[in-house]
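*Asks:* From the sequence below, what's the structure:
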Amino acid sequence: MNNNDKLIFQRIPGIPMEELTVIQLNTKDFDEEKIIQFLNLYIGRRVKSETVMICTILGFVGIGGIQRFITGQIGMGILYLLTLGLCYIGTIIDLINYKKLTLERNQEIILQEVLPML
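*Replies:* Below you'll find the model as predicted:
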C-alpha cells in the first residue's frame, strides 16, 4: 500500500473496492499534494451509497425519483416522479442496484468534474 492509498483510506473511510480502483487508475501519477487536492474536490462532490439507498426507499412513500436526481439522471428522475417510480417497479430495481448507480455517478464525477479542474 503506497502513501496515496493511505491518504485515500484516511479521507474516505469505508470506500468500496470498485470506487478505490477507479480512483487509483485515475490518480496513479499524482504526487502527494495533487492527490490531496483531488480528494478535497472529490469528497465535496462524491455521492454516498447510503444516501442513494435512503432516497430510493423514500420512493415507496410517494416521492419517487429522488435517487435519480441525486445520481444526475434528471430525465429519469422526472419520469419516476410522475409515474410513482414506474409503478414502483423501477424503484424496486433501483433499491437492488443502488450501489451500481452510486458507482456510476462517482465515476462520472471523477472523470467529468474533478480531473478537469486539476
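
*Asks:* On the three-state scheme, Leu103 is what?
*Replies:* helix (DSSP: H, G, I helix; E, B strand; the rest coil).

*Asks:* Can you report how many residues neighbour Arg105?
*Replies:* 20 (other Cβ atoms under 10 Å). No exception for glycine: its C-beta is placed from N, CA and C like everyone else's.

*Asks:* For it, which non-adjacent residue is closest in space?
*Replies:* Thr71 (4.2 Å; Cβ to Cβ, 6 or more residues apart in numbering).

*Asks:* The one you found against Gln107, yeah?
*Replies:* No - look at Thr71 against Gln107 with Cβ atoms under 8 Å: they stay out of range, at 11.1 Å.

*Asks:* Any stretches of the protein with poor pLDDT?
*Replies:* Within the chain, no stretch has pLDDT under 70.

*Asks:* can you rerun that using 90?
*Replies:* Within the chain, the segments meeting pLDDT under 90 span 1-5, 28-29, 61-63, 115, 117-118.

*Asks:* related to what we said a few turns ago, compute the number of surrounding residues for the residue nearest to Arg105.
*Replies:* So Thr71, with other Cβ under 10 Å, has 23 neighbours.

*Asks:* Kindly report the same for Ile36.
*Replies:* 14.

*Asks:* now it, nearest residue through space, not along the chain?
*Replies:* Leu7 is the one closest to Ile36 (Cβ to Cβ, 6+ apart), at 6.6 Å.
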